[in-house]
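Asks: With the input below, show me the fold.
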Amino acid sequence: VVDLATSPLSDEWVELWCLLRSEFFVACQSGPYALAILTNTPVLMVNVANPLAAYPHRRRDLYILKHVIDRQSGLEMTLREMLQDEAALHRTGDLTRYSFVDNTSEELVQAVMEMAEAVQAWPRATPAQDEYARAIRQIQTSARSLAKLAYKGFTRAPFERQGRIAAFFADRHLDTQPRT
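Replies: Reported below is the predicted structural model:
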């Protein structure tokens, strides 16, 4: 594991060299994520704030989301609840209603372990991963989403995203409300 984010030796060339030789890259929605796409390095994206915009593009990419806490109830939203709530899904509207909590160190370790196994042999999707992917695709192909794309000049959805949410994360958070 090489932590380029905090290394004093890091520069653009070191980052590129590491990406070209890495089995996979752990990223967030900012930083050199796009470089990993260009180098065809598999990506595990963590602490994702926008589940639609950051849904993994490529078959060998995974992501895990920030936790969304409803400030009124104090409860964490399930993935299913999040996908049905416009403000939680797009991170728009009344952001005072929700707080967004980073992934725990245990989740990061579990996601890295799952990704390490996945780059060796891409596993079958779990039922929770399949259900989550169907829900994302349904939102992306909804009349409202297609209207937004048309406004931006697209005549159809630009591409089919083939990545996944991490299995442990989908299995744990699709319908189950964790203790907060």
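
Asks: give the contact list for Val2.
Replies: The contact partners of Val2, taken as CB atoms under 8 Å, 6 or more residues apart in numbering, are Cys18. For every residue, glycine as well, the C-beta is placed using N, CA and C.

Asks: Asn50 versus that one, what's the distance?
Replies: Separation of Val2 from Asn50 (CB to CB, to the nearest Å) stands at 27 Å.

Asks: Kindly report the same for Gln162.
Replies: Distance from Gln162 to Asn50, counting by CB to CB: 18 Å.

Asks: pull the helix or strand with minimum mean pLDDT from this structure.
Replies: The weakest-scoring helix or strand in the chain, judged by mean pLDDT, DSSP states H and E, is helix 143-151 (a mean of 57).

Asks: which is the next helix or strand following the longest helix along the chain?
Replies: For the chain, the helix that runs over the most residues, judged by DSSP state H, is helix 105-120. As assigned by DSSP states H and E, the chain's next helix or strand after helix 105-120 is helix 127-140.

Asks: quick one: that next one to chain centroid distance?
Replies: Taking CA atoms, centre = their mean, to the nearest Å, one finds the center of helix 127-140 at 13 Å from the center of the full chain.

Asks: got the contact list for it?
Replies: For helix 127-140, the external contacting residues (CB under 8 Å, 6+ apart) are 51-52, 55, 79-80, 83, 89, 125, 145, 157, 161, 164-165, 167, 170-171, 174.

Asks: Counting neighbours, what do you get for the nearest residue to Val101 once chain neighbours are set aside?
Replies: Computed as CB to CB, 6 or more residues apart in numbering, the closest residue to Val101 that is not its neighbour in sequence is His67, at 4.2 Å. For His67, the number of neighbouring residues by other CB atoms under 10 Å comes to 20.

Asks: Val109 too?
Replies: By other CB under 10 Å, the burial measure for Val109, its neighbour count, is 11.

Asks: what about the helices in this protein?
Replies: Going by DSSP H, the chain shows helices at 12-21, 33-38, 79-83, 86-90, 105-120, 127-140, 143-151, 167-173.
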